[in-house]
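A.B. asks: Quick one, what's the 3D model for this:
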Amino acid sequence: MLSSLVDWLAPHFPNWGRSPALSFLILVLFTAIGYAVSRYAVRLMGRRVAKRFRRQSVAQQVLRLIRATITLFFLLIAAGLVGLELGNIVLSVTVFSAVIGIVLAPLVGSVVNGLFLLADEPYEIGDMVELGDGTRGFVDDITIRYTKIFTLDNTFLVLPNDVIRSEKVTNLSAEDERTRLSLSVEVTYESDVATARSLIESAASKAEGVIEGGPDIRIGSARYPARPTCYIDEFHDDGIVLTLRYWIDRPYKLLTARSRVQTAIWERLDDEDVDVEIAYPHRHLVFDDTSGEARVATREAAEREVVNSAALSDRGESADDAEPAGDDA
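C.D. replies: Have a look, this model is predicted:
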């Protein structure tokens, strides 16, 4: 089809390939026309492609492919008009691609991994993700070569797809944005544990952003209460560890939600009328009779050592004084 189109246009413009400047102008002109036509085609087909493909990232890649194909089509037409044969162009491109393929191996790896990312669907544009180093942000764009993440620190991360595919990526907003958080509170053994659990659950449910209740939240085959729940977790040396589990409706402000819950619990347990006390580390040191004797014996030994050292020092000074007298005699 392309060769037929070039053959049909060539007789109408017989002098296009004779001047290098004119040939270059033709290439630039047709490339610009192809770019403009591709933009119009993408604008015309954008909604249809978006409806056809559920994922926004896949739809964007399809539109980019359409734009590149149309631009390349016009560029090849211009190359044929200025005297470049299609077979030679294809051969040159093939040889050139083989030569630079070794040099651009990392780029090829990113492209291949980008195709796997589009197929596996680990995350989508707009999802909040957490990388292996703890960095959190929103997926801003997914291309065949890289993934762009807009972090919560108002910075952009551009990660090659081969790098991000080898990392541990946690999707915090896939399908269901509700996220569960945990908090451990240690109370003394003298505290009323039942009251402590009730107060902690009540304080957490009143914090902003915490899901107060409703239908159970299903994760796989398991179901969890939507309301805050407090359990007895462990028995430590200094107290009883109570673990609070609560759900928040948005994963975007985890630190803010955790701070609000901890503040509400602290204010509630700090009330003087509450028979609950937060445990602090305590150590009881017990000395028996032998401990006291050992301490006295150690002190006496130290005193004897001081006396012996002083006696040895006095003897040395006496010997030094006696030596000159012997010389005079």
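
A.B. asks: tell me the average confidence for the host helix or strand of residue 31?
C.D. replies: Per DSSP states H and E, residue 31 falls inside helix 20-52. Helix 20-52 carries an average pLDDT of 75.

A.B. asks: try stretch 212-232
C.D. replies: 87.

A.B. asks: And it, what's buried?
C.D. replies: Of all the residues in stretch 212-232, those buried under the rule 16 or more other Cβ atoms under 10 Å are 226-230. C-betas here are computed from N, CA, C, even on glycine.

A.B. asks: Strands - which of those residues land there?
C.D. replies: Among the buried residues of stretch 212-232, the members found in strands (DSSP state E) are 229-230.

A.B. asks: before we move on, the earlier item: what is the helix holding residue 31 packed up against?
C.D. replies: For helix 20-52, the packing partners by 3 or more Cβ pairs under 8 Å, 6 or more residues apart in numbering; DSSP states H and E come out as helix 56-81.

A.B. asks: got the angle for the helix it packs on vs helix 20-52?
C.D. replies: Helix 56-81 and helix 20-52 are oriented at 150 degrees to each other (axes from the mean of the first three to the mean of the last three Cα atoms, to 10 degrees).

A.B. asks: Leaving aside the residues adjacent along the chain, what's closest to residue 113?
C.D. replies: Excluding the flanking residues, the one nearest residue 113 by Cβ to Cβ, 6 or more residues apart in numbering is residue 161, at 4.0 Å.

A.B. asks: got the contact list for the one you found?
C.D. replies: With contact set as Cβ atoms under 8 Å, 6 or more residues apart in numbering, residue 161 has these partners: 110-111, 113-114, 116-117, 144-147.

A.B. asks: Next one: it from residue 167, what distance?
C.D. replies: Going from residue 161 to residue 167 by Cβ to Cβ, to the nearest Å gives 11 Å.

A.B. asks: Let me know whether residue 242 touches residue 193 as I believe.
C.D. replies: Yes. With contact defined as Cβ atoms under 8 Å, residue 242 reaches residue 193; the gap is 7.5 Å.

A.B. asks: Have a look at the two and say which one is more surrounded.
C.D. replies: residue 242 (22 against 16; other Cβ atoms under 10 Å).

A.B. asks: hey, where'd the helices end up in this structure?
C.D. replies: 2-9, 20-52, 56-81, 86-103, 105-120, 161-166, 193-205, 254-269, 289-328 (DSSP state H).

A.B. asks: Might you list the low-confidence residue ranges for the stretch 201-329 of the chain?
C.D. replies: Residue ranges of the stretch 201-329 of the chain with pLDDT under 70: 272, 287-303, 306-308, 310-329.

A.B. asks: try it again with 50
C.D. replies: 292, 325-329 (pLDDT under 50).

A.B. asks: For the stretch 1-150 of the chain, give me the ranges with low pLDDT.
C.D. replies: 2.

A.B. asks: domains for this protein, by residue range?
C.D. replies: 2-92, 116-171, 179-269 (automatic domain parsing).

A.B. asks: Looking at these, which is nearest to residue 280?
C.D. replies: Minimum separation from residue 280 across these (Cβ to Cβ) falls at domain 179-269, 6.8 Å.

A.B. asks: quick revisit: now the domains of the chain in TSV, with distance to residue 280?
C.D. replies: What follows is the domains of the chain, written out as TSV (distance: least, Cβ to Cβ, whole Å):
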stretch	distance to residue 280
domain 2-92	52
domain 116-171	30
domain 179-269	7
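
A.B. asks: Looking at those domains, which is nearest to residue 309?
C.D. replies: Nearest to residue 309 among those is domain 179-269 (44.3 Å), distances taken as Cβ to Cβ.

A.B. asks: Okay, now that closest one: how far is its last residue from its first?
C.D. replies: 25 Å (Cα to Cα, to the nearest Å).
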